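1. Just a sequence and a predicted model for now, questions to come.
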Amino acid sequence: MIDWHHLFGWSLMDYFTGSNYSVDLEKDLSVKPQLLDVVIIEKSTGSPLSELPDGLENLSQHNLLSYKSLHETLDTLVIAELLSYYVNYRKLLSPEAWEDLSLSEFQLYAVTTRYPRKLSQEFKNDFKKIKKGVYALQFGNHHIQVIVLSQIPQIEKNALWQLFSNNPDGFEFGREHYQWRYPPAIALLNPLIKMYGKQGVNMPYTLEEAVKECVRDTLESLPPAERLRGLPLSEVVQYFSPADMVKPLSIEERLSGLSQEDIEKYLAKLKQK
């Protein structure tokens, strides 16, 4: 059984690593646990992202996401639940003055794998297409951005979305083009690779090979001292021949530590040869 929500949340956490946004998962919004899928919070540190996936271009200071996988339905109750989380979240931020917080500080997102046909019919006049895979839902005075992952275009900036598109070609596109901020996190794709494998989709290489490739790329970006950190000398030297190890050394460095007697004995052997 694939834990879609954790995979989705962890992937967003990786995407925003190093940026000026932090990501919280399953945010507890009450004494009795009410877990909001994802909160993306703007930070004062970190690097602004040059390009965001379709649908996330209008990030605000506090961004609340509700996510529905291919087995779930985005409907009116889900939207109502998202709004209740939003109100609770405001109360957490400012218990005494939560009603005075500006609407502009918040943005609500409903991310769904499948197109919410029933929802679009129920809100026919308030459900507008912005562009392919991205819709605007007006719910009272709240603008909710609806992102339909199965419709999102297969372009570089949408690689993260493609991993959750429920489209084998889209998944393969995302796997090839998404640049992991923390390369070993590619292991998160293991359940998805297994799922598509069961559907008869031929993955070009195994998860183990993908992890090795990411680790290798990470190691190559590190300075030699970092690559060797923690390795005992005995393990390092076994990969080099004595000739390779002494080649960079000067004559004085090679002979350092040897007694005059040992040096003379060795020279005598050379003369005999």
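-> Done, it's in.
2. okay, the closest residue to residue 2 other than its chain neighbours: pLDDT?
-> Leaving aside its sequence neighbours, residue 2 sits nearest to residue 191 (CB to CB, 6 or more residues apart in numbering; 4.5 Å). Any C-beta I mention is one placed from the backbone N, CA and C, and that applies to glycine too. Residue 191 is assigned a predicted lDDT (pLDDT) of 76.
3. do residue 260 as well
-> Model confidence at residue 260, given as pLDDT, is 78.
4. do the one 10 residues further on as well
-> Per-residue confidence for residue 270 comes out at a pLDDT of 72.
5. what sits up against the longest helix anywhere in the chain?
-> Ranked by residue count under DSSP state H, the longest helix found in the chain is helix 76-93. When contacts are defined by CB atoms under 8 Å, 6 or more residues apart in numbering, helix 76-93 is touched by residues 27, 29-30, 34, 36, 39, 62, 64, 66, 68, 98-99, 101, 106, 108, 110, 119, 122, 137, 139, 142, 144.
6. and this protein, what are its domains?
-> Here the domain parsing of the chain from automatic domain parsing is 4-181, 230-272.
7. Just name the most buried of those.
-> When you average the neighbours per residue for each of those (mean count of other CB atoms under 10 Å), domain 4-181 leads with a mean of 17.
8. quick one: average pLDDT of it?
-> On average, the pLDDT along domain 4-181 is 92.
9. so how far is stretch 60-71 from its chain's centroid?
-> Relative to its parent chain, stretch 60-71 has a centroid offset of 15 Å by CA atoms, centre = their mean, to the nearest Å.
10. Contacts for it, please.
-> Stretch 60-71 has contacts (CB under 8 Å, 6+ apart) with 2, 4-5, 8-9, 12, 21, 36-42, 56, 74, 78-79, 81-82, 85-86, 89, 93, 104-114, 164, 166.
11. what's across from residue 22 in the sheet?
-> Beta-bridge partners for residue 22, by DSSP bridges, are residue 41.
12. right, and it touches residue 44 too?
-> No - here residue 22 does not reach residue 44: they are 10.7 Å apart, not a contact under CB atoms under 8 Å.
13. pretty sure residue 255 contacts residue 262?
-> No - Residue 255 lies out of contact with residue 262 (CB under 8 Å); the separation is 9.1 Å.
14. quick one, what contacts residue 108?
-> Listed by CB under 8 Å, 6+ apart, the contact partners of residue 108 are 63-64, 82-83, 86, 142-145.
15. Residue 55 now?
-> Neighbouring residues of residue 55 by CB under 8 Å, 6+ apart: 109, 111, 133-134, 145, 147, 152, 161.
16. is the residue nearest to it when sequence neighbours are not counted in a bridge, and if so with what?
-> Distances taken as CB to CB, 6+ apart put residue 147 closest to residue 55, at 3.7 Å, once the chain neighbours are dropped. Beta-bridge partners recorded for residue 147 (DSSP bridges): residue 111, residue 134.
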